[in-house]
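In: fold the following for me, if possible:
(one chain, ligands or ions: 2)
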Amino acid sequence: PRLANQIAAGEVVERPASVVKELLENSLDAGASRIQIDILRGGHQLIRIRDNGCGVEKEELTLALSRHATSKVSTLDDLEAITSMGFRGEALASISSVSRLIFTSRSAEQSEAWAAKAEGRDMAVELLPASHPQGTTVEVADLFFNTPARRRFLRTEKTEFNHIDEVVKRIGLARQDVSITLTHNGKPVRQFRSGDSDVALGKRLQVVFGQKFLAQAIQVKAQHHDMQIRGWLAHPQACKPSHDYQYCYVNGRVMRDKLINHAVRQAYDELLPAELQPVFLLYFDIDPRQVDVNVHPAKHEVRFHQSRLVHDYIYQVLHQALNEGLN
Ligand code: ADP
Ligand code: MG
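Out: Ligands and ions are numbered 1, 2, ... in the order given. Here you go, the predicted model:
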């Protein structure tokens, strides 16, 4: 199991930011409304994430850390229409196979908390009584301590932290209902407060895209059968240069999808010289039965069942919005 987990870890856990993404998604799946992320030394040393979600019962703790254990998908039907962020039951097993992991949790039903410790080598999970309010804290220390080849691929603290910050921004723009804070080496870096959806999102947009963005962006809103598109399109001039400002979500999941990117780029075609990149934040909501999210281990890509139609629809909506917005 150790080897299988470490191989799986290669797919899911590329760098500290991928750990943060998986743990954040778990906290969201657990229904947390507050999430605190603390990073030491770019995540090389420690990634700690604490939530006030549903927690895990003592009896389930060991299972949660084992491979292919998911509490989120129990039937084939569930798998056909996934609504949770996680569903493979792979992340915690993979992460613990390449780090020293402590999972501390208290469920709503229990009066005491328990900590499960797992460390690379043998995957044996040790259970200890702990103290914790309802919710979960996951600590991942010494990432890749037992896979030196992968550890060597880690970049500087600053670069790795920037990747983590990007994950937090991407997920933060999808979940204004959840307050998320991020610290690095003890210093606060992000403080996304939750609140009234539009106000909270507006504030997060300012932080991520800059002050000018909302004033200059074109708002998009369209609905067609099972599919809804919402968001903003802008000219790269609306933001600080030299940054990737392409944010895309399908059913609340962060995506980097070729088909969508292609449709967006095509919509901008006559408006932007080839060397400039469109700036966009787009939320696609589509019947979960019309998309397959089970394509890529890190879940960045989707497969639309009717990909041609989806592509053309996105192109049309955005093309029209851009032309109207500019006239
Ligand atoms: P998946 O998310 O695909 O189910 P993971 O390995 O990420 O797999 O997590 C395994 C299981 O551990 C989850 O199905 C869930 O039951 C439990 N779990 C993980 N993180 C949390 C959390 N923050 N709060 C509550 N339960 C959690
Ligand atoms: Mg998960």
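In: mind listing residues that contact stretch 237-249?
Out: With C-beta atoms under 8 Å, 6 or more residues apart in numbering as the contact definition, stretch 237-249 has outside contacts at 170, 173-174, 208-210, 212-213, 216-217, 234, 236, 254-257, 260-261, 264, 277-284. Where C-beta positions appear, they are placed from N, C-alpha and C, glycine not excepted.
In: Thr136 belongs to a strand?
Out: Yes - judged by DSSP: H, G, I helix; E, B strand; the rest coil, Thr136 forms part of a strand.
In: from what I can see it touches Glu60, true?
Out: No - in this structure, Thr136 is not within contact of Glu60 by C-beta atoms under 8 Å, at 11.6 Å.
In: okay, those two: which has more neighbours?
Out: Each of Thr136 and Glu60 has its neighbours counted (other C-beta atoms under 10 Å); Thr136 has more, 25 against 16.
In: identify the bridge partners of that one.
Out: In this entry, Thr136 is beta-bridged to Asp51, Ser105, by DSSP bridges.
In: got the confidence number for it?
Out: In this model, Thr136 is scored at 98, pLDDT.
In: what's the answer for Ala124, then?
Out: Predicted confidence (pLDDT) for Ala124: 77.
In: can you check the one 5 residues further on too?
Out: If you check Pro129, the pLDDT there is 97.
In: kindly report the same for Ser194.
Out: 95.
In: verify the stated contact: it with Ala200.
Out: Yes - in terms of C-beta under 8 Å, Ser194 counts as a neighbour of Ala200; the distance is 5.9 Å.
In: tell me the SS of Gln266?
Out: Under three-state DSSP, Gln266 comes out as helix.
In: got the contact list for the nearest residue to it once chain neighbours are set aside?
Out: In space, and not counting its chain neighbours, Gln266 is closest to Tyr315: 5.3 Å by C-beta to C-beta, 6 or more residues apart in numbering. The neighbours of Tyr315, taking C-beta under 8 Å, 6+ apart as the test, are Ala263, Gln266, Ala267.
In: change it to 10 Å
Out: By C-beta atoms under 10 Å, 6 or more residues apart in numbering, the residues touching Tyr315 are His262, Ala263, Val264, Arg265, Gln266, Ala267, Asp269.
In: can you give me the buried ones in the helix or strand harbouring it?
Out: Following DSSP states H and E, one finds Tyr315 within helix 307-326. Using 16 or more other C-beta atoms under 10 Å as the burial criterion, the residues of helix 307-326 that qualify are Val310, His311, Tyr313, Ile314, Tyr315, Val317, Leu318, His319, Ala321, Leu322, Gly325.
In: endpoints of stretch 213-225, how far apart?
Out: Length of stretch 213-225, first residue to last, C-alpha to C-alpha, to the nearest Å: 30 Å.
In: for stretch 205-225, same thing?
Out: End-to-end distance (C-alpha to C-alpha), stretch 205-225: 28 Å.
In: is the helix or strand hosting Glu60 anywhere near ligand 1?
Out: Following DSSP H and E, one finds Glu60 within helix 58-64. Yes - legend: contact between helix 58-64 and ligand 1 by C-beta under 6 Å from any ligand atom is shown at Ala64.
In: tell me where the stretch 151-300 of the chain has helices.
Out: Per DSSP state H, counting those that start in this stretch, the stretch 151-300 of the chain carries helices over the ranges 157-172, 197-209, 213-216, 258-268.
In: give the other helices and strands that the longest one contacts.
Out: If contacts are counted by 3 or more C-beta pairs under 10 Å, 6 or more residues apart in numbering; DSSP states H and E, helix 157-172 sits against helix 16-29, strand 34-40, strand 179-184, strand 187-192, helix 197-209, strand 246-250, strand 253-255.
In: buried residues in stretch 102-112?
Out: Buried residues in stretch 102-112 (16+ other C-beta under 10 Å): Ile102, Phe103, Thr104, Ser105, Arg106, Ser107.
In: same list, those, but as JSON lines with pLDDT and distance to Ile164 please.
Out: Shown next, in JSON lines, are the buried residues of stretch 102-112 (pLDDT from 0 to 100; distance: C-beta to C-beta, whole Å):
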{"residue": "Ile102", "pLDDT": "96", "distance to Ile164": "19"}
{"residue": "Phe103", "pLDDT": "97", "distance to Ile164": "19"}
{"residue": "Thr104", "pLDDT": "98", "distance to Ile164": "21"}
{"residue": "Ser105", "pLDDT": "98", "distance to Ile164": "22"}
{"residue": "Arg106", "pLDDT": "98", "distance to Ile164": "26"}
{"residue": "Ser107", "pLDDT": "96", "distance to Ile164": "28"}
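In: please name the nearest non-neighbouring residue to Leu282.
Out: Closest to Leu282 by C-beta to C-beta, 6+ apart is Gly231, at 3.8 Å.
In: let me see the confidence value for that neighbour.
Out: 96.
In: and it, how far from ligand 1?
Out: 27 Å (C-beta to the nearest ligand atom, to the nearest Å).
In: separation between that residue and Arg67?
Out: 37 Å (C-beta to C-beta, to the nearest Å).
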